[in-house]
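J.: Okay, predicted coordinates and the sequence, questions at the end:
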Amino acid sequence: QVQLVESGGGSVQAGGSLRLICAASKNRYCTYYMSWHRQAPGKEREFVSGIDSAGRSRYADSVKGRFTISQDIAKNTVYLQMDSLKPEDSAMYYCNAQLAYGVTSCTSNSWGQGTQVTVSS
C-alpha cells in the first residue's frame, strides 16, 4: 500500500511562491510515477506536473516556466515549487502515485488528501 501526505499549501498574493511537499510511505519494491494535480471549485481535476523515477518531468502548459517538480528518492518525497503564482492557480492540489513497476502486491494508484492553495490578486 502507498500512502501520500501533502503539505505546504497556503494563501499568498499574486506573484508569490509556495512549495508543496508530498511524502510517500510505500513498499520499497514498488516504483511509482509521481504527479501533482489540482482541482478548483466547479472544475475538473487537472494534471499539473509529473516526474518519473529517472527524474524526467513534464508540465501542463499553464504552469511551464513557473512551477518546478523535483524529488528526493531516498526520502520518498516529491516537491512542487510554485513561483509567480496567479489567482487562477488557486485550487486544491493533490499528489498522485501511479505504479510504474514492482511486485504484484504494489498498489496501482493512490491519491493524497490534498492541500489548498489560494492566490489573491
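T.: Cool, got the structure.
J.: dump the residue contacts of the residue sitting nearest the centre point of the chain.
T.: Nearest to the mean C-alpha position of the chain, by CA atoms, centre = their mean, lies Trp36 at 2.6 Å. By CB atoms under 8 Å, 6 or more residues apart in numbering, the contact list for Trp36 reads 20, 22, 47-50, 69, 78, 80, 93-96. The C-beta positions use only the backbone N, C-alpha and C, and glycine is treated the same way.
J.: Next: Ser7.
T.: Applying CB under 8 Å, 6+ apart, we find Ser7 in contact with Leu20, Ile21, Ala23, Thr115.
J.: Any chance of TSV for those, columns pLDDT and distance to Gly9?
T.: Converted to TSV, those look like this (pLDDT from 0 to 100; distance: CB to CB, whole Å):
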residue	pLDDT	distance to Gly9
Leu20	98	6
Ile21	98	10
Ala23	98	14
Thr115	98	3
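J.: Let me know the closest of these to Thr107.
T.: Set against Thr107, the nearest of the contacts of Ser7 by CB to CB is Ala23 (15.7 Å).
J.: now the chain, which segments are flagged as low pLDDT?
T.: Applying pLDDT under 70 to the chain flags no residue at all.
J.: So for Ser17, what's the nearest residue that isn't a sequence neighbour?
T.: Excluding the flanking residues, the one nearest Ser17 by CB to CB, 6 or more residues apart in numbering is Asp83, at 4.7 Å.
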